[in-house]
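In: Sequence first, then the predicted structure:
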Amino acid sequence: MSVTIALETPRQDGVLRLLDMSDAYAQSLYPPESNHLVDVSTLEKPTVSFFVARNEGAIVGCCALVEAGDGTAEIKRMFVDPDARGLKVASKLIDALETTAAEKKLQAVRLETGIYQPEAIALYRKYGYGEIEAFGSYLPDPLSLFMEKRLP
């Protein structure tokens, strides 16, 4: 099995299936006001790099790097098909988006995740993301964790 990561369009059946799964998962954990999900049209903007993970050709994960215009970018829509867990898909996605962020000479990558997602939090911490205050248009939320990694 070989997992590949590539920049692709988010508007394809396999990705839409993952986004639907991601929405359902988030909605099962958090109230609507604590879900900060972006739609497919947002993911198609020129300021967004959208990564698709494939295993043997099948779409098994995705994430977006959304540039803020201030030298930073945000990770959005990071999701891995539960059936593909254990293949290091999320790690490969982070590697790809951090490489792209460095190529774009961004100073930092930020994210918002929920407090009920310990696996995601552990992954981001492993990659050097530290907790910060709410950023951008986010408001402080006891169910949200805001994180940032400064890039060299």
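Out: Arrived safely, thanks for sending. Numbers count the residues shown, from 1 in each chain.
In: Flag the shaky bits of the chain, pLDDT-wise.
Out: Per-residue confidence for the chain (pLDDT under 70) gives these ranges: 1.
In: rerun that using 90 as the cut-off
Out: 1-2, 37, 85, 152 (pLDDT under 90).
In: in it, which spans are helices?
Out: In the chain, the helices defined using DSSP state H lie at 13-29, 40-43, 89-103, 118-126.
In: Kindly compare burial across those and name the winner.
Out: helix 89-103 (a mean of 18; mean count of other CB atoms under 10 Å). (C-beta placed from N, C-alpha, C; glycine too.)
In: Which strands or helices does that helix pack on?
Out: With contacts defined as 3 or more CB pairs under 8 Å, 6 or more residues apart in numbering; DSSP states H and E, helix 89-103 has these neighbours: strand 3-7, strand 48-55, strand 58-67, strand 72-80, strand 108-114, helix 118-126.
In: Show the contacting residues for the nearest residue to L106 once chain neighbours are set aside.
Out: In space, and not counting its chain neighbours, L106 is closest to A73: 5.3 Å by CB to CB, 6 or more residues apart in numbering. Shown in contact with A73 (CB atoms under 8 Å, 6 or more residues apart in numbering): L65, V66, E67, A101, K104, L106, A108, V109, R110.
In: same thing but 10 Å
Out: By CB atoms under 10 Å, 6 or more residues apart in numbering, the contact set of A73 is 47-49, 64-67, 97-98, 100-101, 104, 106-111, 151.
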